[in-house]
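In: predicted model and sequence below, questions to follow.
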Amino acid sequence: MAIKKKEFSFEDLKKKMSTTTKYKADMFLNCGEAFLEASGVPGPCMGHINMLLGHTNTGKTSALIAASVDAQRKGIRPVYLVTEKKWSFEHCQLMGLECEKNQETGEWDGFFLYRDDFNYIEQVTDYINEVLDMQNKGDLPYDVCFFWDSVGSVPCKMTWEGKGGKQHTAGVLAEKINMGINQRINNSRKETSPYLNGLVVCNLPWVRLPDSPMGQPKMKPKGGEAIYQAATLVFRFGNEADGGINKIDATSKGRKINFATRTKVTVDKNHINGLGYADSKLIVTPHGFITDDKRDNKAALDAYKKQTFEYWATKLEDANFELEEYEVNQKVSYSDED
């Protein structure tokens, strides 16, 4: 008996078996014109995990603060997750964050949430999920962006208790971030989601030994590859093997204070639009980023000095000061494993 063929429509099959999710337009957090000029990207992007990776004093935290300032201006509530214990709201205020210090308690207040009492990773990730749960229940009716400074400075619970090691910390980050929080952040990009959320993390690197005598050292993120893999956008600050920075000091009458830092920024990974520059220089100041200029052409530095003259004159207790620039040779610990 012959089998009778059914009428077939591939279009009907696609309607049944295919789906197309609609997403909100990309929303970048603006780190300033100088940062955009240097990197080709305005800054971190909402609806994604973003990583700011680099050696110490290369501009990571300044970029994180700049992004949080723009988030606040856009009505997005910044949530600061501080595990490195070097946070300064005075610095945030200089960069434009709206915050005030209570003179009686010494605590800072403003349109943000702040936590710095974490001992291990699980406490941080539980808190992130708690905030997102509050948002889902209507108890926090705002878009939020989490700013974590920094991932590599805190162990997992087992390691904190003295029972684990680096591999356990890496495993916890993979489980909690890649297979949990990453999905919640990315799902907020859907048009059906009432809120749009983001996560920006600072991370210090370790440097992997070259594979051969002619090879080059390679920067790797602390805590394993989990967050790097989950991140849609990764900015690398400084060089692979070291910071690659120049310090610029203000000097007057024997006094010397740090005025600015000349650094580099590279878009190491961009799965949003593929754009970005490599090893572009820019200058980090207490007030934010300014366009890089050459050591023999200090137009940008001179303009910044003029704009912030009263601030520096107060710091130095002298209106007449000179700028002195020098290269910083950072010592880096090499390793062949994370």
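Out: Received, thanks.

In: just checking, what packs against the host helix or strand of residue 220?
Out: Counting by DSSP states H and E, the element that carries residue 220 is strand 218-221. In terms of contacts (3 or more Cβ pairs under 8 Å, 6 or more residues apart in numbering; DSSP states H and E), strand 218-221 is packed against strand 49-54, strand 205-208. For the C-beta atoms, the positions are set from N, CA and C on the backbone; glycine is no exception.

In: chain center to it, what's the gap?
Out: Centre-to-centre, strand 218-221 and its host chain are 16 Å apart (Cα atoms, centre = their mean, to the nearest Å).

In: avg pLDDT for the lengthiest strand in the chain?
Out: Identified as the longest strand of the chain according to DSSP state E is strand 255-270. Mean pLDDT, computed over strand 255-270, is 94.

In: report all helices and strands that the helix or strand following it contacts.
Out: As assigned by DSSP H and E, the chain's next helix or strand after strand 255-270 is strand 280-285. Contact here means 3+ Cβ pairs under 8 Å, 6+ apart; on that basis strand 280-285 packs against helix 33-39, strand 255-270, strand 288-291, helix 299-307.

In: any idea which of these gets closest to residue 243?
Out: Closest to residue 243 of these, according to Cβ to Cβ: strand 255-270, at 7.6 Å.

In: tell me the angle that closest one makes with strand 280-285.
Out: Interaxial angle of strand 255-270 relative to strand 280-285 (axes from the mean of the first three to the mean of the last three Cα atoms, to 10 degrees): 140 degrees.

In: since we're on residue 306, how many residues are nearby?
Out: Close neighbours of residue 306, defined as other Cβ atoms under 10 Å, add up to 8.

In: going along the chain, name the helices of the stretch 1-150 of the chain.
Out: For the stretch 1-150 of the chain, helices defined by DSSP state H, counting those that start in this stretch occupy the ranges 10-17, 33-39, 60-73, 89-94, 121-136.

In: buried ones in the longest strand of the chain?
Out: Buried residues in strand 255-270, defined by neighbour count with 16 or more other Cβ atoms under 10 Å: 259, 260, 261, 262, 263, 264, 265, 266, 267, 268, 269, 270.

In: equivalent analysis for stretch 219-226, please.
Out: So, applying 16+ other Cβ under 10 Å, buried residues of stretch 219-226: 219, 220, 221, 222, 223, 224, 226.

In: and residue 299, what does it touch?
Out: residue 293 (Cβ atoms under 8 Å, 6 or more residues apart in numbering).

In: and it, how far is that from residue 51?
Out: 32 Å (Cβ to Cβ, to the nearest Å).

In: dump the helices of the stretch 1-150 of the chain to CSV, plus mean neighbour count and distance to residue 173.
Out: Converted to CSV, the helices of the stretch 1-150 of the chain look like this (neighbours: other Cβ atoms under 10 Å; distance: least, Cβ to Cβ, whole Å):
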stretch, mean neighbour count, distance to residue 173
helix 10-17, 9, 35
helix 33-39, 20, 25
helix 60-73, 25, 18
helix 89-94, 17, 26
helix 121-136, 17, 6
